[in-house]
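>>> Structure for this input, please:
(one chain, ligands or ions: 2)
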Amino acid sequence: MTWAVVPAAGRGARFGGDVPKQYLEVAGEPLVVHSLRALFAHPGVKGAVVVLAPDDARWRGWSDGSGRPVITCTGGDTRARSVLAGLAALPDEVRADGFVLVHDAARPNLRKADLAALLERGREDPVGAILATPVRDTLKRAGDDGGIDGTEPRERLWRALTPQLFRRLQLGRALEAAAADAIEVTDEAMAMERQGLRPLLVEGAADNIKVTTPADLAYFEFLLARRTMEEGE
Ligand SMILES: Nc1ccn([C@@H]2O[C@H](COP(=O)(O)OP(=O)(O)OP(=O)(O)O)[C@@H](O)[C@H]2O)c(=O)n1
Ligand SMILES: C[C@](O)(CO)[C@H](O)COP(=O)(O)O
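Ligands and ions are numbered 1, 2, ... in the order given. Below is the predicted model:
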């Protein structure tokens, strides 16, 4: 059984507006609840720590009705510090060598099959694993003048998604080492890579999007409506 840390302490600056994006509602529920519901759809998820901003006044609690706990803690001014706070807030039942999922509150469209594949293959890996999807577009490097400086080779390039699955103590130490080196890691795998480790890539659906801008929210609304219609057929 695996606990999840759900970083939900961001401001949503790139999205804009007054409401932090994790609390924007789709089909009557905030994105953070959609992301939690996606995690709890798998019976192997035992509970979650939702990491909140210090001044969060919007969290109302949530349960899927199964009795699995959803607890909260206060995050930091970076995603990495919020994840560290979440790891520290996990209950003692989560062993130091126990695997922990880290999943963005802003990734509401996680598929159950992808979560199952990550848990199954990640638990067999000595380091851990992340969901990711191959880059399928040509990548350009921009110059200061807005022109193209060049094209980056895209062979073997993947986009990291979440959840990411690592052992509690090893991940915590890797995140702390990055912070001690004043390196702001943008995902958990980067911290592990800095320790010379090679997490496993588990291919996941490209529609496991991170809601960063209003266009992403509109896309999730479409994806959810389509899924609801398919499930109703
Ligand atoms: N100090 C932070 C920053 C981010 N996050 C969380 O990390 C996830 C991914 O981060 P991102 O998409 O960058 O969210 P924001 O930081 O809110 O977005 P922005 O960079 O546009 O402000 C989100 O669920 C966000 O709430 C967090 O818990 N603590
Ligand atoms: C963790 C992540 O979602 C993997 O792609 C991404 O790095 C988060 O980046 P953000 O700038 O904190 O949204």
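
>>> ok, the longest strand along the chain near ligand 2 or not?
Longest strand in the chain, counting residues (DSSP state E): strand 158-167. Yes: using C-beta under 6 Å from any ligand atom, strand 158-167 reaches ligand 2 at 160-162. Backbone N, C-alpha and C define where each C-beta goes, glycine included.

>>> So A179 belongs to a strand, correct?
No: under the criterion used here (DSSP: H, G, I helix; E, B strand; the rest coil), A179 is helix, not part of a strand.

>>> Apart from its neighbours in sequence, what residue is nearest it?
Sequence neighbours aside, A80 is the residue nearest to A179 in space, at 6.6 Å (criterion: C-beta to C-beta, 6 or more residues apart in numbering).

>>> again, but for D216
I209 (5.6 Å).

>>> State the phi and psi torsions of the one you found.
The phi and psi values for I209, taken as degrees, to the nearest 10, are phi -80, psi 150.

>>> I am assuming it contacts N109, so please confirm or correct that.
Yes: I209 lies in contact with N109 (C-beta atoms under 8 Å); the separation is 5.8 Å.

>>> Pull up the overlap in contacts between these two.
Residues touching both I209 and N109 by C-beta atoms under 8 Å, 6 or more residues apart in numbering: 220, 223.

>>> What distance do you get for the nearest residue to W158 once chain neighbours are set aside to A205?
Of all residues not flanking W158 in the chain, A132 sits nearest, at 4.2 Å (C-beta to C-beta, 6+ apart). Going from A132 to A205 by C-beta to C-beta, to the nearest Å gives 11 Å.

>>> likewise Q22?
Taking C-beta to C-beta as the criterion, Q22 is separated from A205 by 21 Å.

>>> ok so, going back, count the residues that sit near the residue nearest to A179.
24 (other C-beta atoms under 10 Å).

>>> For the protein, what lies in contact range of ligand 1?
7-15, 22, 51, 75-79, 82, 104-106, 210, 212.

>>> related to what we said a few turns ago, list the buried residues for the longest strand of the chain?
Applying a neighbour-count criterion of 16 or more other C-beta atoms under 10 Å, one finds 160-167 buried in strand 158-167.

>>> Local confidence estimate at A132?
Note on A132: pLDDT of 98.

>>> now it, which residues is it bridged with?
A160, E203 (DSSP bridges).

>>> In CSV: the buried residues of strand 158-167, plus distance to E193 and pLDDT.
Converted to CSV, these look like this (distance: C-beta to C-beta, whole Å; pLDDT from 0 to 100):
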residue, distance to E193, pLDDT
A160, 11, 98
L161, 16, 98
T162, 16, 98
P163, 17, 98
Q164, 12, 98
L165, 15, 98
F166, 11, 98
R167, 15, 98
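
>>> Closest one of the residues you listed to ligand 1?
Among the buried residues of strand 158-167, T162 lies closest to ligand 1 (C-beta to the nearest ligand atom), at 8.2 Å.

>>> ok, that closest one to P199 distance?
From T162 across to P199, the span is 12 Å (C-beta to C-beta).
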